[in-house]
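In: next comes the sequence, and after it the predicted model I'd like to discuss.
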Amino acid sequence: MSDSPLHFLRAGPPPPKVCLLPDALFFTRAIPIAAETPAADVASQVELALESLAPFPVAQLYYGYYYPPGASAALVFAAYRRRVTAEQSDLWNEADLVLPTFAALLGAPLAAGTTLILTHSDSLTALHAAAEGPVQIFTTPFAPATDDVPAHEAALAAAKVELLRVVGGSTNVLDLATLPVAQAAARDGDFTFVAGEITSRLPAVIAADLDVRDKAALLARRRGFARDVMFWRVAVGCVLALLFMGLGEISLGAARATWQKVRLTQLSAQRPTVEKIMNAQALATRIEDLSTKRLLPMEMISVVAAKIPGTIRFSRVVTDAKDLERVTIDARTDNSGEITLFKTALEALPEVSHAEISGQRNAPGSPTTTFTLTTTFKAGAVKPAATAAP
């Protein structure tokens, strides 16, 4: 049966990429450190100690140190760079941590007098937890395995006995069957190693000091990692913000739809009452118009007639109650030039909005010209005769 699609979630993050170097490449020393020394000063003291102890300049060494907070001494380990092969260093570019194999177990909680034995293909390493000071490291070369298995096992057992004799003071010996293996850590930057029954946990700050790679390259790598983490968090924050905005928009849309439904329900319930009110208002407005506004044909004719030039005569006057401000007059004249003068004179009146001449024609064999004059007055400009201004 295939694994569950959520297996990768239950499995958690993958273990970090760790490069464990042979212990035989490194020499170790314990360097006293004054209490409450700042971390930056500890690194400087380690470099000064290496300059006095190592036969090579510090620039030609791969080194690291183990200094847990509050310790009275730091365990320093270093290797000559030329002893590290190009194949080994090529693996470092993608590694999260590069350190000696024994350094992976420095975070294990060991009681005083406990000795761990690591078996490499060509060497043995002993980690001894002393009563005072840091863990002591002892490394001895050992011949690789041969076809004579019994002889090899006997020689290996004798080498371990001799190594424990050199260590001295071992009250509890743990011969680890496997070398340390990196595990997925609980927090970013921390490292966890398991070797047999021993578990070693190295916080990110301590692990950074254990890394033996070039310190300038490590600093640039850490800055790049911090920048990438920042960009990643910003990207995740933007995605979450967009997600929350989308959820908020959906919630607002649902609330808006509910509000619209309630509003339409209220409008439907109120529509009969509103229509009744609007009809009553329209009726009241119509009654008011009929009581306060009325057609004034004589008054409009009087205004128009006041501007009649010489020969123009009215033959018919038409008004409409639907348009209280307009009067249409059919007229005739023996002088067609007076028509334009008449129109201009009417439009000059303050009461007139505009005047329009239409249907202008001459009777056959007669000098008489007939036309229709439509005059539109401004609203309220024509007053009833009884209230007109003198």
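Out: Noted; the coordinates are in hand. Numbers count the residues shown, from 1 in each chain.
In: below-threshold pLDDT in the stretch 201-350 of the chain: ranges please.
Out: 225, 286, 288-294 (pLDDT under 70).
In: break down it into its helices, ranges please.
Out: Assigned by DSSP state H, counting those that start in this stretch, the stretch 201-350 of the chain shows helices spanning 204-210, 215-292, 297-305, 337-347.
In: compare these and give me the one nearest residue 141.
Out: For residue 141, the closest of the helices of the stretch 201-350 of the chain is helix 204-210, at 23.4 Å, according to Cβ to Cβ. The way it works is simple: take the backbone N, C-alpha and C, and place the C-beta from them, glycine included.
In: returning to what we had before: of the helices of the stretch 201-350 of the chain, which stretch is the most buried?
Out: Mean neighbours per residue, mean count of other Cβ atoms under 10 Å, is largest over the helices of the stretch 201-350 of the chain for helix 204-210, with a mean of 18.
In: which elements pack onto that one?
Out: When contacts are defined as 3 or more Cβ pairs under 8 Å, 6 or more residues apart in numbering; DSSP states H and E, helix 204-210 sits against strand 61-66, strand 97-100.
In: what is the helix or strand encompassing residue 156 packed up against?
Out: Using DSSP states H and E, residue 156 falls within helix 149-167. Secondary-structure packing of helix 149-167 (3+ Cβ pairs under 8 Å, 6+ apart): strand 114-119, strand 123-128, strand 136-141.
In: so which of those gets nearest residue 213?
Out: Judged by Cβ to Cβ, the one of the helices and strands packed on helix 149-167 that comes nearest to residue 213 is strand 136-141, at 19.8 Å.
In: would you format the helices and strands packed on helix 149-167 as JSON lines with mean neighbour count and mean pLDDT included?
Out: Shown next, in JSON lines, are those (neighbours: other Cβ atoms under 10 Å; pLDDT from 0 to 100):
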{"stretch": "strand 114-119", "mean neighbour count": "21", "mean pLDDT": "92"}
{"stretch": "strand 123-128", "mean neighbour count": "22", "mean pLDDT": "92"}
{"stretch": "strand 136-141", "mean neighbour count": "18", "mean pLDDT": "91"}
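In: nearest to residue 183, out of these?
Out: The nearest among these, by Cβ to Cβ, is strand 114-119 at 17.3 Å.
In: ok, back up a step: save the helices of the stretch 201-350 of the chain as a markdown table, and put in distance to residue 315 too.
Out: Listed next are the helices of the stretch 201-350 of the chain as a markdown table, based on distance: least, Cβ to Cβ, whole Å:
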| stretch | distance to residue 315 |
| --- | --- |
| helix 204-210 | 111 |
| helix 215-292 | 31 |
| helix 297-305 | 13 |
| helix 337-347 | 14 |
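In: so which of these gets nearest residue 47?
Out: helix 215-292 (9.0 Å).
In: rewinding a little: just the helices and strands packed on helix 204-210: most buried one?
Out: Mean neighbour count (mean count of other Cβ under 10 Å) peaks for strand 97-100 among the helices and strands packed on helix 204-210, with a mean of 25.
In: contacts for that strand?
Out: 16-23, 25-26, 64, 77, 79, 92, 191, 207, 210-213 (Cβ atoms under 8 Å, 6 or more residues apart in numbering).
In: could you list which of these belong to strands?
Out: Members of the contacts of strand 97-100 lying in strands (criterion: DSSP state E): 18-21, 64, 77, 79, 191.
In: any chance of those in TSV, with pLDDT and distance to residue 361 too?
Out: TSV is the format used below for these (pLDDT from 0 to 100; distance: Cβ to Cβ, whole Å):
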residue	pLDDT	distance to residue 361
18	91	111
19	90	112
20	91	117
21	91	119
64	92	117
77	93	123
79	91	122
191	91	111
